[in-house]
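Engineer: output the structure for:
(one chain, ligands or ions: 3)
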Amino acid sequence: MQILILGSAQDAGVPQISCDCPNCLCARKDPKFVRLGPSIAFLDKEKQYCYLIDVSPDIKHQIELIKKEIPKVKTQKTIPISGIFLTHAHFGHVSGLWMFGKECIDIQEITVYCSSNMSVFLRNNHPFSHMLQRKNLILSDMKINHKYPIEDFWITSFQVPHRDEYADTVGYVIERNKKLLYLPDLDYWTDDLIKLVENVDIALIDGSFYSKDELPGRDDVPHPPIKETMELLDPTKTEIYFTHFNHTNLVLNEKGKERKEILEKGFKIAVDGLRINI
Ligand SMILES: [Zn+2]
Ligand SMILES: [Zn+2]
Ligand SMILES: [Zn+2]
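Structural biologist: Numbers count the residues shown, from 1 in each chain. Ligands and ions are numbered 1, 2, ... in the order given. Model (predicted):
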């Protein structure tokens, strides 16, 4: 099975709308530095399936990346997506779902897997409630920490501390020949989460900010900065990729000392289009 990184930016992408910070200017000049909203696909060409974790506002572009890898799935409706797993209700992780509704491709009966809290949110809020009535989407609740067999892989969700204004937040472990963990958003590391990372082969984790100083005048940045995360995790035990980069992140500067430091310590930096076999 192949994991395909569809978007390695924080919810709003890089460049961010109307921002003239050095990273955004750089991405506007050279498309190689563009990073789309946070999402991954996991797919198998021979077995003809492709699942997404989260649907970013950039899904229109991301679907083209998917089609290059897998033009058709066995349960094809309108697009080559077999099902969708959601982490939480923040903008960058769900807003792309709107593209599947009546005003756009009006997809029929695509299964959305999520926590029961998230499912209550989707049932009670437009546009998702409307899309459920029209059967664009079919909900399938997942119990937290329960290992589900799907196709030829296993998937387990786990609870994540992250500001939960609308519903809760989960991360996922996908298991086939190897175990891969996806954790794009969290507020802080707990012992249990650190243990989870240590128990998988590959982890894609929250790299929103390099350091707390990155957003002047804001002490309330709720993400653990990369600088601190590197002190908690061991990249010799697990192959660790940072992802979900905010547009201000110093790591996005290819020549910066921050990027060099991360790589020297043995951590990796996710990039759109990256493929990982598990
Ligand atoms: Zn996010
Ligand atoms: Zn910017
Ligand atoms: Zn979030």
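Engineer: and stretch 82-99, end to end?
Structural biologist: Terminal residues of stretch 82-99 are spaced 16 Å apart (C-alpha to C-alpha, to the nearest Å).
Engineer: mind listing what's buried in it?
Structural biologist: For stretch 82-99, a neighbour-count test (16 or more other C-beta atoms under 10 Å) marks 82-90, 92-99 as buried. C-beta here means a position set from N, CA and C on the backbone, and glycine is covered the same way.
Engineer: from these, which land in helices?
Structural biologist: Judged by DSSP state H, helices contain the following of the buried residues of stretch 82-99: Gly92, His93, Val94.
Engineer: now do the helices in this structure.
Structural biologist: Under the criterion DSSP H, the chain contains helices at 22-29, 59-69, 91-94, 116-124, 128-133, 191-198, 226-232, 257-264.
Engineer: quick one, which of these gets closest to ligand 2.
Structural biologist: Comparing those by their distance to ligand 2 (C-beta to the ion), the top pick is helix 22-29, with 3.2 Å.
Engineer: quick one: average confidence on the closest one?
Structural biologist: Helix 22-29 shows a mean pLDDT of 97 in the predicted model.
Engineer: report whether it contacts ligand 2.
Structural biologist: Yes - under the criterion of C-beta under 5 Å from the ion, ligand 2 is reached by helix 22-29 at Cys24.
Engineer: what sits up against stretch 25-37?
Structural biologist: For stretch 25-37, contacts defined as C-beta atoms under 8 Å, 6 or more residues apart in numbering pick out 6-9, 11-15, 23, 56-58, 61-62, 92, 96, 245, 252-253, 271-272.
Engineer: any idea how many residues pack against the closest residue to His130 other than its chain neighbours?
Structural biologist: Leaving aside its chain neighbours, His130 sits nearest to Gly101 (7.2 Å; criterion: C-beta to C-beta, 6 or more residues apart in numbering). Gly101: 17 surrounding residues under other C-beta atoms under 10 Å.
Engineer: likewise the one 5 residues further on?
Structural biologist: Look at Asp106: counted by other C-beta under 10 Å, it has 13 neighbours.
Engineer: find the nearest non-adjacent residue to it, please.
Structural biologist: Distances taken as C-beta to C-beta, 6+ apart place Asn136 nearest to Asp106, at 6.6 Å, with adjacent residues excluded.
Engineer: and the strands in the stretch 151-278 of the chain?
Structural biologist: Ranges of strands in the stretch 151-278 of the chain, per DSSP state E, counting those that start in this stretch, are 153-159, 170-175, 179-183, 202-206, 239-243, 268-269, 275-277.
Engineer: what does the second one contact?
Structural biologist: Going back to what we said before, that points to strand 170-175. With contact meaning C-beta under 8 Å, 6+ apart, strand 170-175 is reached by 1, 3, 42, 53, 85, 87-88, 114-115, 118, 144, 147, 153-160, 179-184, 186, 196, 200, 278.
Engineer: now do the contacts for Leu181.
Structural biologist: The contact partners of Leu181, taken as C-beta under 8 Å, 6+ apart, are Gly171, Tyr172, Val173, Leu196, Val197, Val200, Ile202, Ala203, Leu204, Ile205.
Engineer: tell me which residues touch the most centrally placed residue in the chain, please.
Structural biologist: Centrality entry for the chain: nearest residue to the mean C-alpha point is Ser39, 3.5 Å, by C-alpha atoms, centre = their mean. Ser39 makes contact with Leu6, Gly7, Leu52, Ile53, Asp54, Val55, Ser56, Asp58, Ile59, Gln62, His93, Gly96, according to C-beta under 8 Å, 6+ apart.
Engineer: mind checking the end-to-end distance for stretch 116-130?
Structural biologist: Across stretch 116-130, first to last residue, C-alpha to C-alpha, it's 18 Å.
Engineer: are it and ligand 3 in contact anywhere?
Structural biologist: No - Stretch 116-130 does not reach ligand 3 (C-beta under 5 Å from the ion); its nearest approach is 12.2 Å.
Engineer: average pLDDT for that stretch?
Structural biologist: Mean pLDDT, stretch 116-130: 98.
Engineer: how distant is stretch 112-127 from the center of its chain?
Structural biologist: Computed by C-alpha atoms, centre = their mean, to the nearest Å, the chain-centroid distance of stretch 112-127 equals 18 Å.
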